[in-house]
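In: My questions concern the predicted model and sequence given below.
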Amino acid sequence: MKIELATLNLGEITTEQFLAQYWQKQPLLIRNALPGFTSPISPDELAGLACEDTIESRLVIEKDGVTPWEVRHGPFTETDFGSLPESHWTLLVQDVEKHAQELHELIQPFRFIPDWRIDDLMISYATNHGSVGPHKDNYDVFLLQGLGKRRWQISTQPVSEDNMTDNLDLCIMKEFRAEQEWILEPGDLLYLPPNVAHYGTAVGECMTYSIGFRAPQSYELLHGFLEHKLEKALENGAASQTYRDPDLIMQDDPAHISTGNIEKLRTTIQDLLPKSPDEIDHWIGKYLSKSKEHLAIQIENPHLDRATFITLWQDNNILMRNTAVRILYTEENDQCIIYAYGFEYPVPAKYREGISALCRKREISFDSMRKWLDDEFFADILCQFYNLGYLYFDPI
Ligand code: SIN
Ligand code: CO
């Protein structure tokens, strides 16, 4: 499937105005944001993805399931779909752009937000009245209508914890009072900042595309970094030192922890903590470029040397970026650091333009990169990325 998308049409406003006035601030409905948009994937194809065991999927059955708002987790079988009620259910499939890689084109119009902030494209298919109930999410989302119509109701009032229905596998609000509502049709887009309560209901059969964002919690960052530090310190033995005090001297009061003892213990901890921000910065780069644990690279290329790789690229013309692998970069002093799949690759700053060209599109034409390929160092990195499955030729 070849997807050609118009650029995002935010109506009266520019992307700069969107960021200044709406992003993380207030909801925005944009009619016809992707003019002429038709769902590139059919409900049957979506159901097919939900049958694969590497793909995260859920069925939400509001009525006539085992319980009200029953949640079933994939992978599903054809029989599972055959025994569903007529209406009031939704199928949701996560990370679709990483599995059906051509659907990554749907992320492209939203890349005015940095790549590291983008989580995934989730596609839902709902039968008439299908819904996942009124709820809030703690991330930003663009809800693009793909097929049929969906009514969206929203409320910007704070959602209290005691307004959540008990004993459900879903977080659904007990009480929801809509402030605004719209019926969205294909190509219409609703932007919601985190924590805005929303309630979508299919009006007939419909498909909705959610471009969801990631925003690490401070807990997640601290936990991740300390876990990494601890792992390293265990590896090099620094965390396996046992307290020793051959210099212990008599003290009057056995309950007293002496200042000297406290200092010694404090220093043990301080010595294990980072000495410079660089160490934290590099961990952040690696962390942000990691893929979700269940999302493996899944592309195994034959191992090539640089010359063969370049010849093959020239012959194929197009090299593809594996959308399951995040490739990001930072700049510091006179170098750029490429972060890919949780690993770092420091390169001289002169390659910035080349890295940017590599990441800009999913399909990388040989001509667009030709000038960089004369450079053996840079070509070696691309060849290495190919050998690791971060890049591939289509068909594989
Ligand atoms: C849906 O597509 O049905 C749910 C999307 C959402 O509420 O976040
Ligand atoms: Co939601």
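Out: Cool, got the structure. Computed from a prediction, not measured in an experiment: that's the story for all the values here. Ligands and ions are numbered 1, 2, ... in the order given.
In: For residue 273, grab the count of nearby residues.
Out: 12 (other C-beta atoms under 10 Å). Using the backbone N, CA and C atoms, a C-beta is placed for each residue, glycine as well.
In: next one: residue 160
Out: 9.
In: Residue 146 touches residue 123, doesn't it?
Out: Yes: with contacts counted by C-beta atoms under 8 Å, residue 146 reaches residue 123, the gap being 7.1 Å.
In: which residues are in contact with both of these two?
Out: Common neighbours of residue 146 and residue 123 are listed as 207, 208, 209 (criterion: C-beta atoms under 8 Å, 6 or more residues apart in numbering).
In: Name the SS class of the first one, please.
Out: Three-state secondary structure (criterion: DSSP: H, G, I helix; E, B strand; the rest coil) places residue 207 in strand.
In: what sits against the spatially closest residue to residue 312 that is not a sequence neighbour?
Out: Counting by C-beta to C-beta, 6 or more residues apart in numbering, residue 393 is the residue found nearest to residue 312 once chain neighbours are left out, at 6.5 Å. Residue 393 sits next to 312, 313, 316, 318, 319, 320 when contact means C-beta under 8 Å, 6+ apart.
In: The last one - that's part of a strand, no?
Out: Yes: read with three-state DSSP, residue 320 is one of the residues of a strand.
In: residues in contact with it?
Out: Residue 320 neighbours (C-beta under 8 Å, 6+ apart): 101, 362, 363, 364, 391, 392, 393, 394.
In: Now a ChimeraX select for only the buried ones of those residues.
Out: Listed next is the ChimeraX selection for buried residues among the contacts of residue 320, using 16 or more other C-beta atoms under 10 Å:
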select :101,362,364,391,392,393
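In: residue ranges of the strands in the stretch 101-250 of the chain, please?
Out: 118-126, 141-155, 180-184, 189-192, 197-213 (DSSP state E, counting those that start in this stretch).
In: and residue 111, which of those is closest to it?
Out: Nearest to residue 111, of all the strands of the stretch 101-250 of the chain, is strand 118-126, at 7.5 Å by C-beta to C-beta.
In: Is any residue of that closest one near ligand 1?
Out: Yes: counting by C-beta under 6 Å from any ligand atom, contacts between strand 118-126 and ligand 1 involve 124, 126.
In: Now do that strand: which elements does it pack against?
Out: helix 43-49, strand 89-93, helix 96-99, strand 197-213 (3 or more C-beta pairs under 8 Å, 6 or more residues apart in numbering; DSSP states H and E).
In: Next, the angle from the longest one to strand 141-155.
Out: Relative orientation of strand 197-213 and strand 141-155, computed by axes from the mean of the first three to the mean of the last three C-alpha atoms, to 10 degrees: 170 degrees.
In: ok, now how distant is the residue nearest to residue 312 from residue 301?
Out: According to C-beta to C-beta, to the nearest Å, residue 393 and residue 301 sit 8 Å apart.
In: do the same with residue 119
Out: In terms of C-beta to C-beta, residue 119 sits 27 Å off from residue 301.
In: Sounds good, over and out.
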